[in-house]
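Novice: everything below, folded, please.
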Amino acid sequence: MLHHYTSFGTLELILKNRSIRFSRLDKFDDINEGNPVNDYPFGARNFASCWTGNDEESIPQWTMYGDSSRGVRLSLEKDPFIWHSIDVRWHEQFSFIDLKAPYSLSEMFTPGMILIPSVSMKETFCQPVKYVDNVDIARREHYSQINLGEIELIGQGHEIAFIKNRSWKFQNEYRYVLIAAPGPSVGYSGDPQAYLDAMKSWFRTPSGVNYLKGSPEREYVDLKISTTALEKSEILVGPLAPEGTFEKVQALAAEYAPNAIIRRSALTGTMRPKP
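Specialist: The predicted model follows:
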């Protein structure tokens, strides 16, 4: 299983909405994640949900991400998402054929944003982070310069999102990564031609649209997870959680994930809260 340290409030949203939030890389606490690659706004066009592979509890992660040890740790199977067949053959220059993605067409084409699936997304969507001494040098292995201001990403296009400085190695991080691009203000409503017309109109806007270098305005994406995954989940209540939090988690799980295992942190009673 993979583990996610978070607040009780975020756990409540995850269970109620049966979804996981992906945030833009340029909003992460490691500022190197948001750096552009030449003129390509990599940090604004990749969204990630971050987890850890460490089964043993981590005091640093409780402190940094688990609401100062007052929150929870949610554990889910490695692939908790709902996979859809993507087969878009609307135009010779606009097609995604026989792909599997953890989102539907309506989730793929939302107002202002297009999620971009890859051929091997089932295998590459979740990967462990690679920790390196020099992030800039490691990044250069995953793109090539074409012309001044233009690059070509090598591989699936999101490999750079799995590179972090070695100082973060304590996280033993696994992450799920989505690639996004700007899109028309109208989302997909089931009519391919209407969406294509919206795309054409969007490209002809007076301000000009740079599809290759533009960025979506949204800062997060929510993806649905399966009911089965929630039923197999485990929830640890933080070692410094206020009195009554354990009972609140139990009540929440009873309503939205009745088979989830709820436990108190093994560190409970071993830590003194800071004044």
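
Novice: after the helix or strand bottoming out on mean pLDDT in the chain, which helix or strand is next? Please name it.
Specialist: Taking mean pLDDT, DSSP states H and E as the measure, the chain has strand 143-147 as its least confident helix or strand, at a mean of 71. The helix or strand immediately downstream of strand 143-147 is strand 150-153, counting by DSSP states H and E.

Novice: what are the contacting residues of that following strand?
Specialist: Contact with strand 150-153 is made by Val37, Asn38, Asp39, Tyr40, His142, Tyr143, Ser144, Gln145, Ile146, Glu159, Ile160, as judged by CB atoms under 8 Å, 6 or more residues apart in numbering. Where you see a C-beta, it was placed from the backbone N, CA and C, and this is true even at glycine.

Novice: what's the spacing between that strand and its chain's center?
Specialist: 23 Å (CA atoms, centre = their mean, to the nearest Å).

Novice: could you list the low-pLDDT ranges of the stretch 101-250 of the chain?
Specialist: For the stretch 101-250 of the chain, applying pLDDT under 70 flags the ranges 145-150, 205-212.

Novice: could you list the residues in contact with stretch 184-197?
Specialist: Taking CB under 8 Å, 6+ apart as the rule, stretch 184-197 contacts 88, 90-91, 94, 105-106, 108-112, 198-199, 201-202.

Novice: rerun that using 10 Å as the cut-off
Specialist: Stretch 184-197 has contacts (CB atoms under 10 Å, 6 or more residues apart in numbering) with 88-91, 94, 104-114, 183, 198-203, 205, 209, 217.

Novice: quick one, which of these are buried?
Specialist: Among the contacts of stretch 184-197, those classed as buried by 16 or more other CB atoms under 10 Å are Val88, Leu105, Glu107, Met108, Phe109, Thr110, Met113, Ile114, Gly183, Ala198, Met199, Trp202.

Novice: can you map out the helices along the stretch 151-275 of the chain?
Specialist: Remark: helices assigned in the stretch 151-275 of the chain by DSSP state H, counting those that start in this stretch are 192-203, 227-231, 245-256.

Novice: in JSON lines: these, plus distance to Lys16.
Specialist: Shown next, in JSON lines, are the helices of the stretch 151-275 of the chain (distance: least, CB to CB, whole Å):
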{"stretch": "helix 192-203", "distance to Lys16": "30"}
{"stretch": "helix 227-231", "distance to Lys16": "11"}
{"stretch": "helix 245-256", "distance to Lys16": "6"}
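
Novice: closest one to Lys78 among those helices?
Specialist: Nearest to Lys78, of all the helices of the stretch 151-275 of the chain, is helix 227-231, at 9.7 Å by CB to CB.

Novice: Val132 contacts Arg140, correct?
Specialist: No: with contact defined as CB atoms under 10 Å, Val132 does not reach Arg140; the gap is 11.3 Å.

Novice: follow-up on the earlier one: which one of the buried ones among the contacts of stretch 184-197 is nearest to Thr268?
Specialist: Closest to Thr268, out of all of the buried ones among the contacts of stretch 184-197 and judged by CB to CB, is Glu107, at 38.7 Å.

Novice: how about the contacts made by Phe125?
Specialist: By CB under 10 Å, 6+ apart, the contact list for Phe125 reads 79, 81, 83, 100-102, 117-118, 156, 158, 175-178.

Novice: and Ala260, by the same measure?
Specialist: Ala260 touches 15, 74-76, 230-235, 249-250, 252-254, counting by CB under 10 Å, 6+ apart.

Novice: distance check, it against Asn17.
Specialist: 16 Å (CB to CB, to the nearest Å).

Novice: what's the neighbour count on the closest residue in space to Thr245 that isn't next to it in sequence?
Specialist: Using CB to CB, 6 or more residues apart in numbering and skipping the chain neighbours, the partner closest in space to Thr245 is Val237 (5.6 Å). By other CB atoms under 10 Å, the residues close to Val237 number 24.

Novice: who does Val237 form a beta bridge with?
Specialist: Per DSSP bridges, the residues bridged to Val237 are Val72, Arg264.

Novice: hang on, it packs against Arg263?
Specialist: Yes: with contact defined as CB under 10 Å, Val237 counts as touching Arg263 (7.3 Å).

Novice: overlap in contacts, those two.
Specialist: Arg73, Phe246, Val249.
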